[in-house]
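**Student:** Sequence and predicted model, in that order:
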Amino acid sequence: MGYINNEEKARDITQETFIAVWQNLDRFRGDASIGTWIFKIAVNKCLQQLKSDKRQKEKLANYPVGVLSELSDMDLEVKEKRKLLYDCIAQLPEADRLLIGLYLEDLPQDKISEIMGISHSNVRVKIHRIKSFLTEKVKKNGKF
(Lines give C-alpha, C1' and ligand atoms only; values in the text may rest on other atoms or scores of the structure.)
Protein backbone atom coordinates (compact mmCIF):
# COMPACT_ATOMS: atom_id res chain seq x y z
CA MET A 1 0.00 0.00 0.00
CA GLY A 2 2.76 2.43 0.86
CA TYR A 3 4.28 2.08 -2.58
CA ILE A 4 1.25 1.91 -4.83
CA ASN A 5 -1.19 4.16 -3.00
CA ASN A 6 -4.23 2.25 -4.27
CA GLU A 7 -5.76 -0.67 -2.36
CA GLU A 8 -7.11 -2.48 -5.42
CA LYS A 9 -3.82 -2.18 -7.31
CA ALA A 10 -1.89 -3.28 -4.22
CA ARG A 11 -3.99 -6.46 -4.03
CA ASP A 12 -3.43 -7.10 -7.72
CA ILE A 13 0.31 -6.63 -7.36
CA THR A 14 0.38 -8.96 -4.36
CA GLN A 15 -1.36 -11.60 -6.44
CA GLU A 16 0.93 -10.99 -9.43
CA THR A 17 3.95 -11.25 -7.11
CA PHE A 18 2.98 -14.67 -5.82
CA ILE A 19 2.10 -15.88 -9.31
CA ALA A 20 5.57 -14.76 -10.44
CA VAL A 21 7.14 -16.49 -7.42
CA TRP A 22 5.31 -19.72 -8.23
CA GLN A 23 6.18 -19.55 -11.93
CA ASN A 24 9.85 -18.77 -11.27
CA LEU A 25 10.52 -20.86 -8.19
CA ASP A 26 12.79 -23.14 -10.20
CA ARG A 27 14.94 -20.08 -11.02
CA PHE A 28 15.57 -19.22 -7.36
CA ARG A 29 19.32 -19.67 -6.95
CA GLY A 30 19.53 -19.20 -3.22
CA ASP A 31 22.00 -16.29 -3.47
CA ALA A 32 19.78 -14.41 -1.03
CA SER A 33 17.07 -15.55 1.34
CA ILE A 34 13.72 -16.53 -0.18
CA GLY A 35 12.13 -13.57 1.61
CA THR A 36 14.55 -11.13 0.00
CA TRP A 37 13.91 -12.72 -3.40
CA ILE A 38 10.13 -12.42 -2.99
CA PHE A 39 10.48 -8.84 -1.75
CA LYS A 40 12.59 -7.98 -4.81
CA ILE A 41 9.87 -9.39 -7.09
CA ALA A 42 7.25 -7.33 -5.22
CA VAL A 43 9.34 -4.16 -5.51
CA ASN A 44 9.82 -4.76 -9.24
CA LYS A 45 6.07 -5.28 -9.66
CA CYS A 46 5.45 -2.01 -7.80
CA LEU A 47 7.93 -0.17 -10.01
CA GLN A 48 6.27 -1.58 -13.13
CA GLN A 49 2.87 -0.40 -11.87
CA LEU A 50 4.19 3.06 -11.03
CA LYS A 51 5.67 3.39 -14.51
CA SER A 52 2.39 2.27 -16.03
CA ASP A 53 0.46 4.75 -13.89
CA LYS A 54 2.83 7.54 -14.88
CA ARG A 55 2.19 6.81 -18.55
CA GLN A 56 -1.52 7.05 -17.86
CA LYS A 57 -0.89 10.35 -15.98
CA GLU A 58 -2.45 9.12 -12.76
CA LYS A 59 -1.44 11.07 -9.69
CA LEU A 60 -0.03 9.08 -6.78
CA ALA A 61 0.37 12.00 -4.39
CA ASN A 62 -1.84 11.14 -1.40
CA TYR A 63 -1.34 8.37 1.07
CA PRO A 64 -4.57 6.32 1.34
CA VAL A 65 -6.93 7.72 3.97
CA GLY A 66 -8.24 4.20 4.69
CA VAL A 67 -4.93 3.28 6.32
CA LEU A 68 -5.23 6.23 8.67
CA SER A 69 -8.72 5.19 9.75
CA GLU A 70 -7.31 1.84 10.84
CA LEU A 71 -5.29 3.69 13.43
CA SER A 72 -8.43 4.46 15.46
CA ASP A 73 -6.70 3.95 18.79
CA MET A 74 -4.37 6.86 18.05
CA ASP A 75 -5.44 10.37 18.90
CA LEU A 76 -6.18 12.89 16.18
CA GLU A 77 -2.89 14.76 16.61
CA VAL A 78 -0.82 11.62 16.05
CA LYS A 79 -2.93 10.74 12.99
CA GLU A 80 -2.38 14.22 11.59
CA LYS A 81 1.37 13.96 12.13
CA ARG A 82 1.47 10.56 10.46
CA LYS A 83 -0.59 11.82 7.50
CA LEU A 84 1.73 14.82 7.14
CA LEU A 85 4.74 12.50 7.11
CA TYR A 86 3.21 10.23 4.46
CA ASP A 87 2.17 13.26 2.42
CA CYS A 88 5.80 14.38 2.47
CA ILE A 89 6.97 10.87 1.54
CA ALA A 90 4.55 10.92 -1.40
CA GLN A 91 6.46 13.93 -2.77
CA LEU A 92 9.66 11.92 -3.08
CA PRO A 93 10.76 10.38 -6.38
CA GLU A 94 9.57 6.79 -6.88
CA ALA A 95 12.88 5.13 -6.03
CA ASP A 96 13.26 7.19 -2.85
CA ARG A 97 9.69 6.35 -1.79
CA LEU A 98 10.46 2.66 -2.19
CA LEU A 99 13.74 2.99 -0.33
CA ILE A 100 12.27 4.87 2.65
CA GLY A 101 9.34 2.45 2.66
CA LEU A 102 11.72 -0.48 3.05
CA TYR A 103 13.57 1.42 5.77
CA LEU A 104 10.33 2.18 7.63
CA GLU A 105 9.49 -1.52 7.50
CA ASP A 106 12.67 -2.07 9.57
CA LEU A 107 14.49 -3.95 6.84
CA PRO A 108 18.24 -4.01 7.46
CA GLN A 109 20.23 -1.75 5.16
CA ASP A 110 22.07 -4.69 3.61
CA LYS A 111 18.71 -6.23 2.60
CA ILE A 112 17.57 -2.86 1.21
CA SER A 113 20.81 -2.77 -0.77
CA GLU A 114 20.07 -6.20 -2.27
CA ILE A 115 16.46 -5.35 -3.08
CA MET A 116 17.20 -1.94 -4.59
CA GLY A 117 20.32 -3.12 -6.42
CA ILE A 118 22.53 -0.37 -5.01
CA SER A 119 25.55 -0.44 -2.70
CA HIS A 120 25.15 -0.49 1.06
CA SER A 121 26.95 2.86 1.37
CA ASN A 122 24.61 4.36 -1.24
CA VAL A 123 21.63 3.13 0.82
CA ARG A 124 23.03 4.90 3.92
CA VAL A 125 23.60 8.13 2.00
CA LYS A 126 20.15 8.05 0.38
CA ILE A 127 18.41 7.34 3.70
CA HIS A 128 20.26 10.26 5.30
CA ARG A 129 19.27 12.59 2.45
CA ILE A 130 15.66 11.43 2.50
CA LYS A 131 15.46 11.95 6.27
CA SER A 132 16.91 15.46 5.87
CA PHE A 133 14.40 16.26 3.11
CA LEU A 134 11.49 14.97 5.19
CA THR A 135 12.66 16.86 8.28
CA GLU A 136 12.79 20.13 6.33
CA LYS A 137 9.36 19.52 4.75
CA VAL A 138 7.77 18.77 8.11
CA LYS A 139 9.44 21.78 9.77
CA LYS A 140 8.11 24.06 7.02
CA ASN A 141 4.61 22.90 7.86
CA GLY A 142 5.26 23.68 11.53
CA LYS A 143 3.51 20.55 12.72
CA PHE A 144 6.31 18.77 14.59
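**Tutor:** Great, that's in hand. Residues are numbered from 1 along each chain as shown.
**Student:** only C-alpha atoms for contact and neighbour calcs from this point on.
**Tutor:** OK.
**Student:** Run through the residues that contact the closest residue to residue 134 other than its chain neighbours.
**Tutor:** The shortest distance from residue 134 to any non-neighbouring residue, by C-alpha to C-alpha, 6 or more residues apart in numbering, is to residue 88 (6.3 Å). Going by C-alpha atoms under 8 Å, 6 or more residues apart in numbering, residue 88 touches 134, 137-138.
**Student:** And the residues you listed, which is the shakiest by pLDDT?
**Tutor:** When the contacts of residue 88 are compared on pLDDT, residue 138 comes out lowest, with 81.
**Student:** On the three-state scheme, it is what?
**Tutor:** helix (DSSP: H, G, I helix; E, B strand; the rest coil).
**Student:** Relative to residue 132, how far out is it?
**Tutor:** 10 Å (C-alpha to C-alpha, to the nearest Å).
**Student:** Please identify which of those two sits among more neighbours.
**Tutor:** Higher neighbour count among residue 138 and residue 132: residue 138, with 17 against 12, using other C-alpha atoms under 10 Å.
**Student:** okay, the most far-flung residue of the chain relative to its centre: pLDDT?
**Tutor:** No residue in the chain has its C-alpha farther from the mean C-alpha position than residue 26, which lies at 27.4 Å (C-alpha atoms, centre = their mean). For residue 26, the pLDDT comes out at 89.
**Student:** What distance do you get for residue 121 to residue 45?
**Tutor:** Counting by C-alpha to C-alpha - residue 121 and residue 45 are separated by 25 Å.
**Student:** so where's the protein shaky on pLDDT?
**Tutor:** 1-2, 5, 55-76, 142-144 (pLDDT under 70).
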